[in-house]
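Engineer: Got a sequence here, can you build the structure:
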Amino acid sequence: MRCQVLMGNPPEEIASYAEESGVDLIVMASHGRSGPSRWAYGSVAEKVFRSSCVPVMMVRAPGCFPGL
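Structural biologist: Numbers count the residues shown, from 1 in each chain. Predicted structure coming up:
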């Protein structure tokens with residue numbers, strides 16, 4: 001497990017760092033937004049998932065229950 005501070009576009013930087021560093025798995029928390037808030041804010045976790053060659057595991061952040 002490591003922690004790294006990077007500057008730039010978060011999804012691009014996370015995916016690039018993971019690939020360049022030989023990371024085996026990226027684990028990210030997802031807030032589970034849907035509808036207009038997801039459209040307005042986007043999803044960093046989803047963008048990393050779609051752009052990375054490294055496997056990505058997304059977990060729901062504690063206390064996030066969409067629709068309630």
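
Engineer: Once you drop chain neighbours, what's closest to the residue nearest the centre of the chain?
Structural biologist: Geometric centre of the chain, nearest residue: A45, 2.3 Å, by CA atoms, centre = their mean. Distances taken as CB to CB, 6 or more residues apart in numbering place M28 nearest to A45, at 4.3 Å, with adjacent residues excluded. In short, each C-beta sits where N, CA and C put it, glycine included.

Engineer: What ranges does this protein have for its helices?
Structural biologist: 10-21, 36-41, 44-51 (DSSP state H).

Engineer: Could you say which one of these comes nearest to C3?
Structural biologist: Smallest distance to C3 across the helices of the chain (CB to CB): 11.2 Å, for helix 10-21.

Engineer: who are the neighbours of that closest one, in terms of helices and strands?
Structural biologist: Using 3 or more CB pairs under 8 Å, 6 or more residues apart in numbering; DSSP states H and E, the elements in contact with helix 10-21 are strand 26-30, helix 44-51.

Engineer: what comes up buried for the first one?
Structural biologist: When neighbours are counted by 16 or more other CB atoms under 10 Å, the buried residues of strand 26-30 are found to be I26, M28.

Engineer: before we move on, the earlier item: columns mean pLDDT and distance to I14 on top of the helices and strands packed on helix 10-21, output as JSON lines?
Structural biologist: Putting these into JSON lines (pLDDT from 0 to 100; distance: least, CB to CB, whole Å) gives the following:
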{"stretch": "strand 26-30", "mean pLDDT": "86", "distance to I14": "7"}
{"stretch": "helix 44-51", "mean pLDDT": "89", "distance to I14": "5"}
